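> Make a model of this:
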Amino acid sequence: MIRDNIVSPPHREEGVGVVVAQRRAATVVAIAVFLVLAIAILFIRFKSPHPTVHFPDGTVVSVEIADSPEERRVGLSDHIFLDPDRGMLFMLDGLSRPAFWMKDMKFPIDIVWLRDGIVVGIEPSMPVSTDMNPPSVRPNGDINQVLEVNAGFALKHDLKPGQSLDINLP
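Residues are numbered from 1 along each chain as shown. Model prediction:
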């Protein structure tokens, strides 16, 4: 009888080792896939173009754009709060002196009146109003853009009429 040609079945310990190795390999693959997806999401989030406004002091604010009548009507009133580096930029149809109000707002804001990126005026720290028909404010001159940021932003960043803001739209 020749035993050299017979392949003996693996011992139980060897079978367990193979299963453990397969599980480890599957875990490593799952972690690698997760990391690749996380990096892709971060890349898309931070590398994709977002509308921004650059201020003279170097501050950059990411802005939501309100360029339709409905978006301009709602404005920031559907926000509970606004991050310090965020704002809303209203793009108007031509030069005008629009009325803005604080209806349904949940936090105070600064309103910055702009004409082609040049600061025309500032309404600082507009308070929240509980009136059904709150008072409105208008710029002193014709404008075509309005920037809303958190109350105190203009003062903190020494924003003044005549300064130019760099508005980057993707």
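
> low-scoring stretches of the chain, by residue?
In the predicted model of the chain, residues 1-18, 35-48 satisfy pLDDT under 70.

> longest strand of it?
The strand that spans the most residues within the chain, counting by DSSP state E, is strand 86-96.

> That one pairs with which strands, and in what direction?
Each strand paired with strand 86-96, and its direction, by DSSP bridges: strand 60-66 (parallel), strand 143-150 (antiparallel).

> So residue 20: helix, strand or coil?
Going by DSSP: H, G, I helix; E, B strand; the rest coil, the secondary structure assigned to residue 20 is helix.

> Buried deepest among the strands paired with strand 86-96, which one?
Scoring those by mean neighbour count under mean count of other C-beta atoms under 10 Å gives strand 143-150 as the most buried, with a mean of 23. Using the backbone N, CA and C atoms, a C-beta is placed for each residue, glycine as well.

> Please save the CA atoms from that strand in CSV.
What follows is strand 143-150, C-alpha atoms only, in CSV (Å, rounded to 0.1, in the frame of the first residue of the first chain):
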residue,chain,number,x,y,z
ILE,A,143,-28.6,97.7,-6.1
ASN,A,144,-28.7,94.4,-7.8
GLN,A,145,-27.4,92.1,-5.0
VAL,A,146,-28.2,91.6,-1.3
LEU,A,147,-26.1,89.6,1.1
GLU,A,148,-27.6,88.4,4.4
VAL,A,149,-25.2,87.2,7.1
ASN,A,150,-25.4,86.8,10.9
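
> Residue 128 - how many residues pack around it?
Residues contacting residue 128 under the criterion other C-beta atoms under 10 Å number 13.

> quick one, phi psi at the residue lying closest to residue 147 once chain neighbours are set aside?
Of all residues beyond its chain neighbours, the one nearest residue 147 is residue 112 (4.1 Å), with distances taken as C-beta to C-beta, 6 or more residues apart in numbering. Dihedral angles phi and psi of residue 112 (degrees, to the nearest 10) take the values phi -110, psi 120.

> Contacts only, for residue 112.
Residues near residue 112 by C-beta atoms under 8 Å, 6 or more residues apart in numbering: 119, 121-123, 146-149, 154, 159, 165.

> if we can go back for a sec, strand partners (parallel or antiparallel) of the helix or strand just after the longest strand of the chain?
Per DSSP states H and E, the first helix or strand lying C-terminal to strand 86-96 is strand 100-101. Each strand pairing with strand 100-101, determined using DSSP bridges, is listed with its direction: strand 136-137 (antiparallel).

> Could you give the bridge partners of the residue nearest to residue 89 when sequence neighbours are not counted?
Spatial nearest neighbour of residue 89, chain neighbours left out: residue 63 (4.3 Å); criterion: C-beta to C-beta, 6+ apart. When assigned by DSSP bridges, residue 63 has beta-bridge partners residue 87.
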